[in-house]
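Asks: The following block contains a protein sequence and its predicted model.
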Amino acid sequence: EILSSNIKVFFCKYNDPIYVKMEKLEAMIKLASEDNIDQLLLEFKEYSTEIDVDFVRKAVRAIGRCAVSIADSAQKCINVLLD
């Protein structure tokens with residue numbers, strides 16, 4: 001719960017190595033909650049424009065996983081995917 005309120009520490013930086021980005025993405029998925037879902041969705045949407053195809057796939061999958069794990073945010077997640 002402490003970490004989920006400071007989710008920004010897990011946001012990926014442009015110069016992070018890909019393996020660090022992947023781990024940060026996984027951590028953000030696990031820390032997703034009603035309180036931080038809007039922030040996370042904006043961040044995941046940004047990641048969907050990255051160059052690394054595997055990272056983009058994982059970011060899009062992360063949006064889907066958030067929709068499943070936080071049912072109330074499902075519509076927000078769908079809207080991000082459709083943007």
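Replies: That came through fine. Numbers count the residues shown, from 1 in each chain.
Asks: Mean confidence (pLDDT) on stretch 12-25, please.
Replies: Mean pLDDT, stretch 12-25: 95.
Asks: ok, residue 23 - contacts?
Replies: Not one residue lies near residue 23 by Cβ atoms under 8 Å, 6 or more residues apart in numbering. Every residue, glycine included, has its C-beta placed from N, CA and C.
Asks: Can you give me the distance of it to residue 58?
Replies: From residue 23 across to residue 58, the span is 11 Å (Cβ to Cβ, to the nearest Å).
Asks: Repeat that for residue 75.
Replies: 22 Å.
Asks: Show me which of these two is the more surrounded one.
Replies: Legend: neighbour count by other Cβ atoms under 10 Å for residue 75 and residue 58, higher for residue 58 (19 against 10).
Asks: Flag every buried residue along the helix or strand harbouring the more buried one.
Replies: Assigned by DSSP states H and E, residue 58 belongs to helix 53-69. Using 16 or more other Cβ atoms under 10 Å as the burial criterion, the residues of helix 53-69 that qualify are 55, 58-60, 62-63, 65-67.
Asks: now swap in stretch 29-45 and tell me
Replies: Applying 16+ other Cβ under 10 Å to stretch 29-45 flags 29, 31-32, 36-37, 40-41, 43-45 as buried.
Asks: how far away is residue 29 from residue 15?
Replies: Counting by Cβ to Cβ - residue 29 and residue 15 are separated by 22 Å.
Asks: on that earlier part again, report the mean confidence score over the helix holding residue 58.
Replies: Averaged across helix 53-69, the pLDDT comes to 95.
Asks: just to revisit the earlier point, I'd like the buried residues of helix 53-69 written out as TSV, with distance to residue 6 added.
Replies: Compiled in TSV, the buried residues of helix 53-69 are given as follows (distance: Cβ to Cβ, whole Å):
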residue	distance to residue 6
55	23
58	22
59	20
60	25
62	18
63	21
65	21
66	18
67	23
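Asks: Out of those residues, which comes closest to residue 49?
Replies: The closest of the buried residues of helix 53-69 to residue 49 turns out to be residue 59 (Cβ to Cβ; 9.2 Å).
Asks: Excluding chain neighbours, give the residue nearest to that closest one in space.
Replies: Among residues not flanking residue 59 along the chain, residue 47 sits closest, at 3.7 Å (Cβ to Cβ, 6 or more residues apart in numbering).
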